[in-house]
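Student: next come a sequence and a model predicted from it.
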Amino acid sequence: MKELRLNKIKELLNVTTHNEDTVIYHVENDIKKIKDDTLVFHLNKKEELDFKLFNKSKNCFIVTDQPILNNNKEKVSFFLHVLDVKKAYQKFIDYYRKLFNLPVIAITGTCGKTTTKEIIKQILEKKSTVAATIGNKNALSFDLGYLLRIDDKTDYGVFETAISYPGNLIFGCNFFKPTIGVITNIGIDHLSGCKTVDNYIRTKGEMLAGLNYQGTLIINHDDDNIKKIDMSPFKGKIITFGIDNVSDYQAEAIVYKDKGMTFTLKTRDKKYKAYIPGYGKHNVYNALAALAVLDELGINIEEAIEDLASITFIRSHLAFHEGINKSIIIDDTWSSNPTSMKAAFEVIQELGKDKVKIAVLGKISYLGDYALEQYENIGKMIVDYKFDILITLDIFSKQIAKSAANHHMKNSRILYCKTIEDLKSTLESLLDSNTMVLFKVSIKNKEVTTLIHDIINE
């Protein structure tokens, strides 16, 4: 972070204390994270200050709206007393962000956030300094740390703005104050927090408010749920990308080739040949969104397309590996929701035409009251995409198996593995050079992710 003078912060928060001015090198919002030269906002009042640790820290200052007790009165100068610590925290966030005049991109969507962010980040980093979300660590609790990654040397910010509940996206944008917003797509996810599909769509649509209804909004022109959002309050620039509908950045001539996808980008009456080293139509959408952002930032489009061909995907994103007995193992455990499930199924259908196709499925979280409906849809997709064998791992994914059976998948082709040992022995009996197996379970299931590692030959 940019070094800050304590006196400037005191002036900002309208605080008067008699301690000497000093430099603040760290800012935290967790009272447990006290250390030298740190400003800590005491937001969670259920957490008490550890005075033993505090007394060992040099130049650590606590912003609070609670009094200290007399037995610690000698430390009073290290407490910055404010009327409302949450308002003071927001005031600091606003102040810190406004120290820097730079383009900031916020990316949301049911799927594609991380890949789109990585494409933008990796291409920008070739010539610039970028502050960005690490991996897919996009929970709200990370936002302060990401904001503080911006300093005087930063050229761009590229951040994922994920949601679990309504209001989350606006909360994240309050930190980053993006100049460009991207909505990759809106499918089905986080219904345990948003409760209904319509409310989930509205929550993703908070990107308009997150941009303060100005700046640049880049949206998927093929996405039916994005089309449900009333864009009329937005007074900025709207840029579209798509495949099926005429868009500002449109892909055509899409072909599976050389461990990825080739396509032709059409924009501003020009055409460019492009390649992304990842399978699936969904990755073409990710590439289009990223190229639209890069072009808007003034990056040469031909150079961006050239760099696109060498981007590196984060692990477990539809990653193909050679497995035991020369089988093909596809690790797509990074995220598990109906939208990413469909994208993976499309790839397997295309690449596994001459293979025995196996799907290993586990619980899909955050579906709320829509869980049974979505399990029913996924079971039907298993049949529609012509999987030969379905393996489920828990009582939740067994509902998918039930749906597949109801859609005429033979019971002999539907297997239930109660333990990881059952799964391992079942796969060892099935895998050969004619077999392709897709793992679509939560990356938090460490037993399955360890098993995947064990059956890969690399």
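Tutor: Looks like it arrived, so ask away.
Student: tell me where the stretch 51-200 of the chain has strands.
Tutor: 60-64, 79-81, 104-108, 130-132, 156-160, 180-183 (DSSP state E, counting those that start in this stretch).
Student: now the angle between strand 156-160 and the third one, please.
Tutor: On the basis of axes from the mean of the first three to the mean of the last three CA atoms, to 10 degrees, strand 104-108 is oriented at 10 degrees to strand 156-160.
Student: average pLDDT for strand 104-108?
Tutor: Strand 104-108 shows a mean pLDDT of 99.
Student: A helix includes residue 453, no?
Tutor: Yes: checked against DSSP: H, G, I helix; E, B strand; the rest coil, residue 453 lies within a helix.
Student: that one and residue 363, how far apart?
Tutor: 21 Å (CB to CB, to the nearest Å). (C-beta placed from N, C-alpha, C; glycine too.)
Student: same question for residue 408.
Tutor: Distance from residue 408 to residue 363, counting by CB to CB: 24 Å.
Student: which of the two has more neighbours?
Tutor: residue 363 (20 against 7; other CB atoms under 10 Å).
Student: next, count neighbours for the nearest residue to the more buried one once chain neighbours are set aside.
Tutor: Excluding its sequence neighbours, the residue lying closest to residue 363 (CB to CB, 6 or more residues apart in numbering) is residue 396, at 4.0 Å. Neighbours of residue 396 under the rule other CB under 10 Å: 17.
Student: I'd say residue 396 and residue 372 touch.
Tutor: No: the pair residue 396 and residue 372 does not pass the contact test of CB atoms under 8 Å, sitting 9.8 Å apart.
Student: and residue 293, what element?
Tutor: helix 281-296 (DSSP states H and E).
Student: tell me what the helix or strand following that helix is packed against?
Tutor: Sequence-wise, the next helix or strand downstream of helix 281-296 (DSSP H and E) is helix 301-308. Counting contacts by 3 or more CB pairs under 8 Å, 6 or more residues apart in numbering; DSSP states H and E, helix 301-308 is packed against helix 113-124, strand 260-267, strand 270-276, helix 281-296.
Student: adding mean neighbour count, mean pLDDT and distance to residue 30, write those out as JSON lines.
Tutor: As requested, the helices and strands packed on helix 301-308 are exported to JSON lines (neighbours: other CB atoms under 10 Å; pLDDT from 0 to 100; distance: least, CB to CB, whole Å):
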{"stretch": "helix 113-124", "mean neighbour count": "25", "mean pLDDT": "98", "distance to residue 30": "25"}
{"stretch": "strand 260-267", "mean neighbour count": "20", "mean pLDDT": "98", "distance to residue 30": "42"}
{"stretch": "strand 270-276", "mean neighbour count": "16", "mean pLDDT": "99", "distance to residue 30": "39"}
{"stretch": "helix 281-296", "mean neighbour count": "25", "mean pLDDT": "99", "distance to residue 30": "32"}
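Student: need the ones you listed in CSV (columns: distance to residue 151).
Tutor: Supplementary listing: the helices and strands packed on helix 301-308 in CSV, determined by distance: least, CB to CB, whole Å:
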stretch, distance to residue 151
helix 113-124, 16
strand 260-267, 34
strand 270-276, 32
helix 281-296, 22
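Student: quick one, which of these is nearest to residue 232?
Tutor: With CB to CB as the criterion, residue 232 lies closest to helix 281-296 of the helices and strands packed on helix 301-308, at 21.6 Å.
Student: and the angle from that closest one to strand 104-108?
Tutor: 160 degrees.
Student: may I have helix 281-296 as CSV, with CA atoms only?
Tutor: Output of helix 281-296 as CSV, limited to C-alpha atoms (Å, rounded to 0.1, in the frame of the first residue of the first chain):
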residue,chain,number,x,y,z
LYS,A,281,-17.5,-22.0,-26.5
HIS,A,282,-17.6,-20.5,-23.0
ASN,A,283,-13.9,-19.7,-23.3
VAL,A,284,-14.5,-17.8,-26.5
TYR,A,285,-17.0,-15.7,-24.6
ASN,A,286,-14.3,-15.1,-21.9
ALA,A,287,-11.9,-14.1,-24.6
LEU,A,288,-14.4,-11.7,-26.2
ALA,A,289,-15.1,-10.0,-22.8
ALA,A,290,-11.4,-9.6,-22.1
LEU,A,291,-10.5,-8.3,-25.6
ALA,A,292,-13.4,-5.8,-25.3
VAL,A,293,-11.9,-4.5,-22.0
LEU,A,294,-8.4,-4.4,-23.4
ASP,A,295,-9.5,-2.5,-26.5
GLU,A,296,-11.4,-0.1,-24.4
